[in-house]
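J.: let's see this in three dimensions:
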Amino acid sequence: MPALQVRDFPDDLYAELKRCAAEEDRSISQQTVHILREYLKAYKRLAGRSDWMVIPKTEVQTSVLGGGAHSSPKRESYYCDTATEAERQASIERRRKIFEEIEQGPSFDLPEEYSDIAQMIRDMREERDEQIFAALGGMK
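T.: This next block holds a predicted model:
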């Protein structure tokens, strides 16, 4: 198998590659091969064009309550062809509408006895647990 040596590799880029490899549970060599393989797949798919970018792949699902959406990050990447200004503007407009829908959604003020939303949630969970245990006949 051929070996690849890169001369004058920038220190900051190497540090970032090393960090990324560690996060992906790969060696630096494996991470380099992975990145190059993904890049070359996109390069081939887009016939050598360079007006694309790598962005995290997400799976967007519509909320059961309707109107909203949430993202669940995946480890894979996909290549987003951002060739035309019209496509970019359409994407920006879709996101703007989603944010407007979120802003229109219900909101509530934190009760005065709580200075921290996390504490309120802990108390609500504790109350729910007590109700469940009471329904089960006091079992814990």
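
J.: how is the chain carved up into domains?
T.: Per automatic domain parsing, the domain ranges recorded for the chain read 11-108, 109-140.

J.: what about the helices in this protein?
T.: Ranges of helices in the chain, per DSSP state H, are 11-23, 28-45, 85-104, 117-135.

J.: now the ones you listed as CSV including distance to Leu4 and mean pLDDT?
T.: Every C-beta, even on glycine, is put in place using the N, C-alpha and C of the backbone. Shown next, in CSV, are the helices of the chain (distance: least, C-beta to C-beta, whole Å; pLDDT from 0 to 100):
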stretch, distance to Leu4, mean pLDDT
helix 11-23, 13, 93
helix 28-45, 8, 88
helix 85-104, 35, 86
helix 117-135, 49, 91
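
J.: deepest of the ones you listed, which one?
T.: Using mean count of other C-beta atoms under 10 Å, the stretch among the helices of the chain with the greatest mean number of neighbours is helix 28-45 (a mean of 13).

J.: quick one, that one and helix 11-23 angle?
T.: For helix 28-45 against helix 11-23, the angle by axes from the mean of the first three to the mean of the last three C-alpha atoms, to 10 degrees is 100 degrees.

J.: and helix 28-45, how far out from the chain middle?
T.: 20 Å (C-alpha atoms, centre = their mean, to the nearest Å).

J.: and the domains of the chain: which comes nearest Gln5?
T.: domain 11-108 (11.4 Å; C-beta to C-beta).
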